[in-house]
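>>> Kindly generate the corresponding structure for this input.
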Amino acid sequence: MEIKKTTEGKQYQYQLLNNNQEVARIKGMLFNEQIVISLYEFSTTNKLHEKEYAQKLGKPFIEDCRKNDSTIIVTQSEKTKQAIWFLEHNQFTRKFTHYVFENDLTQLNKPQFSFDLKPFHEIDLASYQKIYFECSKGDPEVDLTGHTPQSHYERDQKEIGDLWNEALMHLVYFENTPIGVLNLRTEEHPKNNILEGSINYLGLIPTYRKRGLGKALHLTGLHQLKALGCQNYFGGTEANNRAMLRTFAANRCFETLVQYYYRV
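Take a look at the predicted model:
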C-alpha cells in the first residue's frame, strides 16, 4: 500500500492506495501555510479495515502536522463524523470547542461606552505588541508559553495570513488610557459575494475586564464593520469563555456552527 498526497489550490487530500486503487482517503482545506487547516472527510471502501486504513493514513498526516505545528479544525455536522473519528483514533487531542456566531448588522444598539480607536499606523510597533500581549493573558484560546510580545504578535500575524489587515487594526483608548486591541477584517462571501465582517481579535488588559467594557467594545466593532459596508458579521469563541458568550448574546448574535480544534 502507498500514500498519495495532493494539493489543488487550498484543497488537500491524502489517499491510501492498494494496487493503485483508492481504499481510503482524508480531505480538507489549507488556511495558511498549513498552520491552521480543516479536515472534513475520512472515507474508506472497506469498513472491515477502517481502523487499519485510518492508522496508515494517520501516520503521514501526523508527521506533516507536527512539522508545520498545525491546528486542525473540524466543523460539527453529519458529514464530518468520520473525520472526527479519524482524528480521535489517531494521536490527536481535542484542545477546545469553538462556537461561531453571526449578526446581520441591521439592528445594532448604541454602545454603553465610547472609545477612541487609534489606527495601527499611528502607533509605535513595540507599544502595540505590548498591549496586544497583555490583552491575550487569560484568553483560553491563546497559549503564551515561551512567547514575548514580539513573538506572540508575529505568530498571530502568520496564523491569520492573508486576512491580517493593518488598515483595520486599532489600539483602544478609554478615558485617554490604552486598554485594549480591536482588529477587524472584511471579506467577500465565496458564494454570494456579500461583504462580510469579522473581528480578528478583541481584547482588554486584565484590569479593565468585568466592567461591561468588552460588550461595548464588541458592539463598537460591529458598528465599525457596518460602516465599512459589511452586510453580515461572523465571529466565535471557545466554549468555556463565558464572558464572550454573554457578549454575543447581549449584542444579538446567534449561534450557527460548532467547531472542534485538535492538536497532535
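
>>> Just give me the neighbour total for residue 246.
12 (other C-beta atoms under 10 Å). Every C-beta, even on glycine, is put in place using the N, C-alpha and C of the backbone.

>>> Whichever strand or helix holds residue 50: which residues count as buried?
Per DSSP states H and E, residue 50 falls inside helix 50-68. For helix 50-68, the neighbour count (16 or more other C-beta atoms under 10 Å) marks 50, 53-54, 56-58, 61-62, 64-65 as buried.

>>> can you check stretch 70-82 too?
70-75, 80, 82.

>>> so how far is the first residue of it from its last?
The straight-line separation of the ends of stretch 70-82 (C-alpha to C-alpha, to the nearest Å) is 20 Å.

>>> Please renumber the chain so that the first residue is 11 from this point on.
Yes, from this point I'll number from 11; that puts the last item at stretch 80-92.

>>> roughly how far is it from the heart of the chain?
Chain-centre distance of stretch 80-92: 14 Å, with C-alpha atoms, centre = their mean, to the nearest Å.

>>> and what of stretch 207-215?
So, by C-alpha atoms, centre = their mean, the centroid of stretch 207-215 is 12 Å from its chain's centroid.

>>> Grab the CA positions of it and hand them over as PDB.
Taking Å, rounded to 0.1, in the frame of the first residue of the first chain, the C-alpha atoms of stretch 207-215 are listed here in PDB:
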ATOM      1  CA  GLY A 207     -17.000  41.300   8.500                       C
ATOM      2  CA  SER A 208     -15.300  39.700  11.500                       C
ATOM      3  CA  ILE A 209     -13.100  40.700  14.400                       C
ATOM      4  CA  ASN A 210      -9.700  39.100  14.100                       C
ATOM      5  CA  TYR A 211      -9.000  40.000  17.700                       C
ATOM      6  CA  LEU A 212     -10.800  41.800  20.500                       C
ATOM      7  CA  GLY A 213      -9.000  42.000  23.900                       C
ATOM      8  CA  LEU A 214      -8.800  44.000  27.000                       C
ATOM      9  CA  ILE A 215      -6.000  44.400  29.500                       C
END
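
>>> Keeping just the C-alphas, turn the helix holding residue 60 into PDB.
In PDB, the C-alpha atoms belonging to helix 60-78 read as follows (Å, rounded to 0.1, in the frame of the first residue of the first chain):
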ATOM      1  CA  GLU A  60     -11.400   1.000   8.600                       C
ATOM      2  CA  LYS A  61      -9.200   1.300  11.700                       C
ATOM      3  CA  GLU A  62      -6.200  -0.200   9.900                       C
ATOM      4  CA  TYR A  63      -6.600   2.200   7.000                       C
ATOM      5  CA  ALA A  64      -7.100   5.200   9.300                       C
ATOM      6  CA  GLN A  65      -3.800   4.400  11.100                       C
ATOM      7  CA  LYS A  66      -2.000   4.100   7.800                       C
ATOM      8  CA  LEU A  67      -3.300   7.500   6.600                       C
ATOM      9  CA  GLY A  68      -2.800   9.000  10.000                       C
ATOM     10  CA  LYS A  69       1.000   8.300  10.100                       C
ATOM     11  CA  PRO A  70       2.000  10.800   7.300                       C
ATOM     12  CA  PHE A  71      -0.800  13.200   8.300                       C
ATOM     13  CA  ILE A  72       0.600  13.300  11.800                       C
ATOM     14  CA  GLU A  73       4.100  13.800  10.600                       C
ATOM     15  CA  ASP A  74       3.100  16.800   8.500                       C
ATOM     16  CA  CYS A  75       1.000  18.300  11.300                       C
ATOM     17  CA  ARG A  76       4.000  18.000  13.700                       C
ATOM     18  CA  LYS A  77       6.400  19.500  11.100                       C
ATOM     19  CA  ASN A  78       4.100  22.500  10.500                       C
END
